[in-house]
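*Asks:* Mind folding the following:
(6 chains)
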Number of protein chains: 6
Amino acid sequence: MRILVVNPNTTASMTEKACVAARRIASEGTEIVAVTSQYGPVSIEGYYDEAMAVPGMLDAIQLEKDFDAVVIACFDDTGLDAARCLTDKPVIGIGEAAYRVAAMLSNKFSVVTTLGRSVPALEHNLIRYGMERQCIRVRSSEIPVLELESEGPDAISKITLEIEKAIEEDRAEAVVLGCAGMVDLADKLSEQFSIPVLDGVTCAVSLCESLVRLKVKTTRKGGYAPPPHSKLRTMNEMLNDK
Amino acid sequence: MRILVVNPNTTASMTEKACVAARRIASEGTEIVAVTSQYGPVSIEGYYDEAMAVPGMLDAIQLEKDFDAVVIACFDDTGLDAARCLTDKPVIGIGEAAYRVAAMLSNKFSVVTTLGRSVPALEHNLIRYGMERQCIRVRSSEIPVLELESEGPDAISKITLEIEKAIEEDRAEAVVLGCAGMVDLADKLSEQFSIPVLDGVTCAVSLCESLVRLKVKTTRKGGYAPPPHSKLRTMNEMLNDK
Amino acid sequence: MRILVVNPNTTASMTEKACVAARRIASEGTEIVAVTSQYGPVSIEGYYDEAMAVPGMLDAIQLEKDFDAVVIACFDDTGLDAARCLTDKPVIGIGEAAYRVAAMLSNKFSVVTTLGRSVPALEHNLIRYGMERQCIRVRSSEIPVLELESEGPDAISKITLEIEKAIEEDRAEAVVLGCAGMVDLADKLSEQFSIPVLDGVTCAVSLCESLVRLKVKTTRKGGYAPPPHSKLRTMNEMLNDK
Amino acid sequence: MRILVVNPNTTASMTEKACVAARRIASEGTEIVAVTSQYGPVSIEGYYDEAMAVPGMLDAIQLEKDFDAVVIACFDDTGLDAARCLTDKPVIGIGEAAYRVAAMLSNKFSVVTTLGRSVPALEHNLIRYGMERQCIRVRSSEIPVLELESEGPDAISKITLEIEKAIEEDRAEAVVLGCAGMVDLADKLSEQFSIPVLDGVTCAVSLCESLVRLKVKTTRKGGYAPPPHSKLRTMNEMLNDK
Amino acid sequence: MRILVVNPNTTASMTEKACVAARRIASEGTEIVAVTSQYGPVSIEGYYDEAMAVPGMLDAIQLEKDFDAVVIACFDDTGLDAARCLTDKPVIGIGEAAYRVAAMLSNKFSVVTTLGRSVPALEHNLIRYGMERQCIRVRSSEIPVLELESEGPDAISKITLEIEKAIEEDRAEAVVLGCAGMVDLADKLSEQFSIPVLDGVTCAVSLCESLVRLKVKTTRKGGYAPPPHSKLRTMNEMLNDK
Amino acid sequence: MRILVVNPNTTASMTEKACVAARRIASEGTEIVAVTSQYGPVSIEGYYDEAMAVPGMLDAIQLEKDFDAVVIACFDDTGLDAARCLTDKPVIGIGEAAYRVAAMLSNKFSVVTTLGRSVPALEHNLIRYGMERQCIRVRSSEIPVLELESEGPDAISKITLEIEKAIEEDRAEAVVLGCAGMVDLADKLSEQFSIPVLDGVTCAVSLCESLVRLKVKTTRKGGYAPPPHSKLRTMNEMLNDK
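*Replies:* Sure, this is the predicted structure:
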């Protein structure tokens, strides 16, 4: 099977990182096709970036026709509902995936994300997914997405501090790492804290494999009904009409 | 004061209709600047259209710098959160406005919108705004947005039927008309059914006037913090970089 | 238009304060008629005061027939539902008004009120209005209503401290001042904290102007149906029958 | 022990009916003191009546000092929170009592009340008590309170019809009769439908006996803190000051 | 009347303790029949113990046919729903009982229980009973159930500390003691803290007396319908079939 | 990997049916070990059966030590929380699995189960999982579990009728089949109705494979902490001690 991993921001190094993680977790026989959105913001931190990133991501999905499932590799599940209108193949966001896995492994969990400005968007998603009672708190480490790597040990110590608080103050039984850029840290932190510390990219790839094997499809009825053909135009085509 | 009414779809006749309604309700001294999104879908029916409409709408807001408040003239409150990141001036969606007015006039209300495919998006907004108990049901008349006018009396009778059911089955005390294209009908239907039948465009313009007079601003802290300057680029600029 | 501002407690100096604030915010052409309840408690701090204040407030509304909208100028929205049964003109409580404005300007807000004994009543209102997710916490400064003025700088420093905690601990993006007596402080505190700090009196007057311009009415169907004429008797008439 | 049963409306025949039912259920050694509010509406149908009934009921409680618990004998739990501020003895409303008993006997129940105008007030109480998931629907039989008796068999057949619908359409496992005036019908209807059909007066008297035997008190901390002595004035005193 | 108090764990000294408390609170004429589950865990701390305790408890109920109501004397309300299928007599859990009493005496309460591992199970019950808004927090004192007595003063000081935090941090107006083994402490702690501190055993016995006097039955329709006779076999019979 | 599929009822033909379905969906390299509970009820229809089935199921899990994940093959997710305390391997119930898959494929879904008596237990699970907004209604076809096969075409037509109502009345975008015995029907019904019609057994096996590949564990902290060794005794051992 082919799983399309779309990075909705335009930073290729993040796509690469997600791709490596996705391939590491993928079953034999699963091909990971990782694509970077061709236009849009370099990182997604809050509502504005999210909105500007969606068309590029939808384009990437439409361009790459040959896939069995789609992973949206940004933790705010950028454009998830719109993407589900484009295909009857399963589409999963990495935030959604991590939450659903956490919900099967623990009674209550907390999230540790990057900037505080992203927190309300994540909280809305959690309500949307019915996770508002199971997720106790969304914590921010105040590390900008693109500095996750450059900051190195400093970034890790900030994240570690928030996990400690999640365990102590929130009584979290599991922690979700709230950024695709934290994909490397999950295993080590799980071990360090002796609780599940989850990363969304690997969760989403693995859930996609499940859905593909189940041969289930995204519903075509109601909110995810496909748009009429006349409306399936790219942002570029739309801009050229202008 | 100047209120910017942005039609997030590209159908100028709908902008015109909203503009006429907005001017009719506007106070003396309020200037209505109605703009049509320059690119994007011709109507917004469901998640995909909504996502593709947001960048054009955000561009329109950024182009039109001189305003005191913004009305987003599509009933799914297209891109509302993203727009609030762009300006500290009040920004209101017409769906949100109609719900908030209905909530001040009745204990419980129902919504009558166009197509069933739009219903889940509206239901998510209602939960987002805390209206899930006060709004009993979102009903669809199954009239496509752009046929609201062409269908004429037929469209009206479909809408009328759903209002009857809202009163009888849902025990609604008020009804919200769920499409900018229904702006003409509110007064007549209010009279006909002897309950408040509300239109979002007029509600939003009027609430904007309130907020402007109150001199209140959209918060700049947390989820609506302004994006850094480097990220404030239009979709066109982003596409050209590609 | 004429907006009736009813102070449901009997302290005329609070009416005066609300009236000044109301007039300051009112549009040209809006007349503010401020009345003090003629009997009842001198301040409303908790459920008992609230219950004893309602009949006097309802009387005041019935005496003052000539108005286009009513503002109930106590932060617990004293008798709001009962008042809506008395007239088809819009009726808004100052608590409700401030919450609804805060909800249009921020993702999450906290309330700073006077005494802890009032907090549960406010929390019930917030649930009633669907604001229980958007309002993070109702904080009390433990200043009695009537000492708001006499305490002077001391009162302000207590309120300031709670706003600081709201921003720091609750991650509030806006703050609502939970007492009509705090109406003077909103502008200064907004500036000081660089977030919206909202006062209910001005919000309610401004929202009333909106509803009047919209020519919308309180529903007469269901919970707000007018009582039969035989039941529209004042507390005095009722007591005399005794 | 002495249980004060306060009828918050002024119709003595309803007090009598409640008193008979209360005495029938009371344990040996429990004295029922039934009092009629001395001023206020003749029946409580909706928000306005409720608000106007509260002071008379609070007076009745304060006059009758010698009691161990209080039952508020109107199904909308008129002034329950205010009454709890007046005494540390347990105070229970008949609506609340019936809901809590129904919740211990069934997974889901429906309510059958008198007029539709009372429904929203009851729905707000249900949310307040956390019963919004367990109570499926509040149904109205459209019989005015004072005609419950005069209508006789016709009234019963309307109520019966709603119970049938509650079982069939709502899948209710129990039914709560939503008016003190229906107290006579509960036993017969329970038998007829082979499910619990509950009346609030008897439930409340019995729960009061429980709380008295437990020697528990209404909290004096927070929302039910007693008002300062200077504020404990009757409506009559307040009106005379005017 | 005869009230069956079932201790779902096999520790007879805890049954004895509950029995003494039950008899102390029981009305004249109420006989308390206290039985210890004949097989299962020695204490119930978390989901596993709870599951293993249910069959022994159900057996105990079926053996002891002659009763008018049943109290399940473990704070997690072990097997409450299953027990309600076995009899049309009222069945109440001590957790449920204490929550419902607390809800009639206060606006908000907290729970102080034994081990943190029991907290999620209690939180699920609270949601189940609609108490998730009224119960602010479930606190654990980290005292194992069977050490409640042996620990003596040390246990009491741990519990006292959590009550202090409940009042200070949670703004609790009442506290529920979350373990049958704490039954002795309620009166003393109520006095010490001047708020209701409630114990489940006495609350449950007293509520059972109420329901018996009311002659109400557990519904036989829907979720509590009795199992067909062929399925009413004890665990021992089931194991012997194996 | 080895996935243990435990049938918590004692009907071997149902285990066989689940096993066939599980093997059909399992990936190459996944071994399905299907076991039947050795004692307990022959089918699980409601709370009582569920409670009596749990110990046999827990025994089965403890006997079968060599597995990588566990599927609980009854739609009410019998003993799920208790099972999670027994192992750090992932444990998934088939109800939970189907709901989570439905939630990733549709905005709203309904459930079609067997008997009405099972509905409340399923509704509680849905609230527990945060699915109460996404699942619109749990419908019962009134076919006893063990007659699903014997009834043949009649059973199918009853189920079909409920799916039609789910689509028409509930506006469901997907349907979950609420019984392990319906596992055969999902594919055919999906095709017939052109929406996802999901079966829990296959969903659970596939999700288990995901979690195993992710190498994630059930948390050992908080509610799922392992019981102390002394408490890990089988029901048989417990009964023999008696």
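*Asks:* what comes up buried for the helix or strand of chain A with the lowest mean pLDDT?
*Replies:* For chain A, counting by mean pLDDT, DSSP states H and E, helix A:147-151 ranks last in confidence among helices and strands (a mean of 78). Residues A:148, A:151 are the ones in helix A:147-151 that count as buried (16 or more other Cβ atoms under 10 Å in any protein chain shown). Placement of C-beta: from N, CA and C, glycine included.
*Asks:* and if you look at stretch A:31-41?
*Replies:* Those would be A:32, A:34-41, for stretch A:31-41 by 16+ other Cβ under 10 Å.
*Asks:* what do you get for stretch A:218-230?
*Replies:* Within stretch A:218-230, the residues that count as buried by 16+ other Cβ under 10 Å are A:218-227.
*Asks:* Let me see the ranges of the strands in chain A.
*Replies:* In chain A, the segments counted as strands under DSSP state E are A:2-7, A:31-36, A:69-72, A:91-93, A:109-113, A:135-140, A:174-178, A:197-199.
*Asks:* what residues are up against A:Pro8?
*Replies:* A:37, A:40, A:44, A:53-54, A:56-57, A:72-74, A:78-79 (Cβ atoms under 8 Å, 6 or more residues apart in numbering or on different chains).
*Asks:* quick check: domain ranges of chain A?
*Replies:* Annotated domains of chain A cover A:2-93+A:203-222, A:95-200 [automatic domain parsing].
*Asks:* pLDDT on the first one, on average?
*Replies:* Think domain A:2-93+A:203-222. Average pLDDT, domain A:2-93+A:203-222: 96.
*Asks:* How far off centre is it?
*Replies:* 8 Å (Cα atoms, centre = their mean, to the nearest Å).
*Asks:* before we move on, the earlier item: may I ask which two of the buried residues of stretch A:31-41 are separated the most?
*Replies:* Taking Cβ to Cβ as the measure, the buried residues of stretch A:31-41 reach their widest spread between A:Ile32 and A:Pro41, a distance of 23.4 Å.
*Asks:* what about the most centrally placed residue in chain A, distance to A:Asp199?
*Replies:* Geometric centre of chain A, nearest residue: A:Ile94, 2.5 Å, by Cα atoms, centre = their mean. Remark: distance between A:Ile94 and A:Asp199 (Cβ to Cβ, to the nearest Å) = 8 Å.
*Asks:* show me the contacts for A:Ala103.
*Replies:* By Cβ under 8 Å, 6+ apart, the neighbours of A:Ala103 are A:109, A:131, A:134, F:100, F:129-130.
*Asks:* And those, which two are furthest apart?
*Replies:* A:Phe109 and F:Arg100 (15.1 Å).
*Asks:* Neighbour count: the two, which is higher?
*Replies:* A:Phe109 (28 against 23; other Cβ atoms under 10 Å in any protein chain shown).
*Asks:* which residues does that one contact?
*Replies:* A:99, A:102-103, A:134-136, A:172-176, A:196.
*Asks:* could the residues you listed be laid out in JSON lines, adding pLDDT?
*Replies:* Shown next, in JSON lines, are the contacts of A:Phe109 (pLDDT from 0 to 100):
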{"residue": "A:Tyr99", "pLDDT": "98"}
{"residue": "A:Ala102", "pLDDT": "98"}
{"residue": "A:Ala103", "pLDDT": "98"}
{"residue": "A:Gln134", "pLDDT": "98"}
{"residue": "A:Cys135", "pLDDT": "98"}
{"residue": "A:Ile136", "pLDDT": "98"}
{"residue": "A:Ala172", "pLDDT": "98"}
{"residue": "A:Glu173", "pLDDT": "98"}
{"residue": "A:Ala174", "pLDDT": "98"}
{"residue": "A:Val175", "pLDDT": "98"}
{"residue": "A:Val176", "pLDDT": "98"}
{"residue": "A:Pro196", "pLDDT": "98"}
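*Asks:* quick one: which of those residues is most hemmed in?
*Replies:* Using other Cβ under 10 Å as the neighbour test, the contacts of A:Phe109 are led by A:Val176, with 33 neighbours.
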